[in-house]
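K.L.:
Pasting a predicted model and its sequence here:
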Amino acid sequence: MHYAHYQDITQPYDLVCLSPHLDDAALSCAGELLAARHAGLRTLVITVCTSIPPVSATYSALAVEFHREWGLDEAQAVTTRLGEDGRAMAILGVDDVWLNLDDAIYRMPGHYNSRETLFAMPHASDTLADQLSHILRELMPVLGQARWLIPARVGMHVDHLNVFAAAQAVLTPATISLYEEVPYALTPEWITQRQQMFNSTIDLVPMGPYIAAKIAAIHCYASQMDALFGDGTTMPAQITEYHRHLGHGTPVERRYRLIH
């Protein structure tokens with residue numbers, strides 16, 4: 001089920017994935033989501049930055065650069081990505097909702113106008129964490145005792161940092177697992193940097209037979225393949241090697257639980 005608005009959610013869930021963008025859930029959590037659903041658990045993906053900027057919006061040079069990489073024009077960039085996400089969620093078989101908050105490249109084009117500012121600490125006037133915190137507080141009584149998957153901030157993307165901050169401010173720490181964000185997690189140096197920044201225990205979540213379905217879900221984001229993986233045709237091999245390496249031959253997804 002795709003919810004038109006988060007306030008339409010009226011039932012509890014067992015597992016909730018908080019996805020900053022239209023691909024993070026599939027890239028980083030598809031194996032666990034598929035395994036949970038097939039085990040009979042109620043699964044929900046909440047995708048944060050999904051709003052469609054007005055056609056009259058003034059795009060930053062960075063947004064224009066990204067649109068060019070994706071092979072999409074400004075008028076269709078986000079709507080195309082929403083369609084890709086819908087197809088991926090159908091493969092995962094999860095319920096999902098788009099929060100329709102602004103992506104950094106549209107939210108603050110005057111500041112997030114370079115890769116250096118996009119992969120850095122949030123600007124002091126950035127309100128995304130506050131907006132998301134408000135929504136999460138509304139959802140908490142509805143979603144019950146769900147376990148939450150939230151970004152570990154590998155790669156230091158500003159939207160991931162904001163989503164983590166909101167989740168940490170609202171959610172019960174014992175219910176949170178952090179997921180490594182693909183494709184950043186494919187770079188060992190970024191994993192090492194992130195692991196050094198928090199005290200945690202590691203969980204390896206078996207993917208069972210679901211790696212092929214994960215790859216199929218990722219394939220839905222056709223506009224993102226080259227930007228994410230350098231050469232989109234190598235994506236299946238990169239994903240397979242990464243997950244098998246984590247599990248010493250058996251595909252797994254890696255999670256972190258913070259120690260307080």
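P.N.:
Good, I have the coordinates. Numbering: from 1, shown residues only.

K.L.:
Next, residue 216: secondary structure please.
P.N.:
helix (DSSP: H, G, I helix; E, B strand; the rest coil).

K.L.:
In space, what's closest to residue 229 - neighbours in sequence excluded?
P.N.:
residue 235 (4.6 Å; Cβ to Cβ, 6 or more residues apart in numbering). C-beta: built from backbone N, CA, C; applies to glycine.

K.L.:
buried ones in the helix or strand hosting that neighbour?
P.N.:
Following DSSP states H and E, one finds residue 235 within helix 235-246. Under the neighbour-count criterion of 16 or more other Cβ atoms under 10 Å, helix 235-246 has 235-236, 238-239, 242-243, 246 buried.

K.L.:
Past it, which element shows up next along the chain?
P.N.:
Following helix 235-246 toward the C-terminus (DSSP H and E): strand 252-258.

K.L.:
Show me what that next one is in contact with.
P.N.:
28-29, 31-32, 149, 152, 173, 176-180, 185, 195, 198-207, 243, 246 (Cβ atoms under 8 Å, 6 or more residues apart in numbering).

K.L.:
And these, which of them are buried?
P.N.:
Buried members of those, counted by 16+ other Cβ under 10 Å: 28-29, 31-32, 149, 152, 176-180, 185, 200, 205, 207, 243, 246.

K.L.:
Could you list which of these belong to helices?
P.N.:
Mapping those onto helices (DSSP state H) picks out 28-29, 31-32, 243, 246.

K.L.:
and which of those residues is nearest residue 41?
P.N.:
Of all those, residue 41 sits closest to residue 32, with 10.0 Å by Cβ to Cβ.

K.L.:
contacting residues around the closest one?
P.N.:
So residue 32 contacts 15, 149, 205, 207, 253, 255 (Cβ under 8 Å, 6+ apart).

K.L.:
Test my guess that the second one contacts residue 29.
P.N.:
What it means is residue 149. Yes. If you go by Cβ atoms under 8 Å, residue 149 and residue 29 touch, sitting 5.3 Å apart.

K.L.:
CA atoms of stretch 40-56 as CSV?
P.N.:
The C-alpha trace of stretch 40-56 is given here as CSV (Å, rounded to 0.1, in the frame of the first residue of the first chain):
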residue,chain,number,x,y,z
GLY,A,40,5.1,-12.1,8.1
LEU,A,41,6.2,-8.9,9.6
ARG,A,42,4.5,-5.6,8.8
THR,A,43,7.0,-3.4,6.9
LEU,A,44,6.9,0.3,6.1
VAL,A,45,9.3,2.6,4.2
ILE,A,46,9.1,6.3,5.0
THR,A,47,10.9,8.4,2.3
VAL,A,48,11.7,11.9,3.4
CYS,A,49,12.9,14.1,0.5
THR,A,50,10.3,13.6,-2.2
SER,A,51,8.7,17.0,-2.9
ILE,A,52,8.4,18.2,-6.5
PRO,A,53,9.9,21.7,-6.8
PRO,A,54,7.8,24.2,-8.7
VAL,A,55,8.6,24.5,-12.4
SER,A,56,9.5,28.2,-11.8
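
K.L.:
So which bits of that stretch are buried?
P.N.:
So stretch 40-56, judged by 16+ other Cβ under 10 Å, has buried residues 42-50, 52-53.

K.L.:
now those residues as a markdown table including secondary structure?
P.N.:
Shown next, in a markdown table, are the buried residues of stretch 40-56 (three-state DSSP):
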| residue | secondary structure |
| --- | --- |
| 42 | coil |
| 43 | strand |
| 44 | strand |
| 45 | strand |
| 46 | strand |
| 47 | strand |
| 48 | strand |
| 49 | strand |
| 50 | coil |
| 52 | coil |
| 53 | coil |
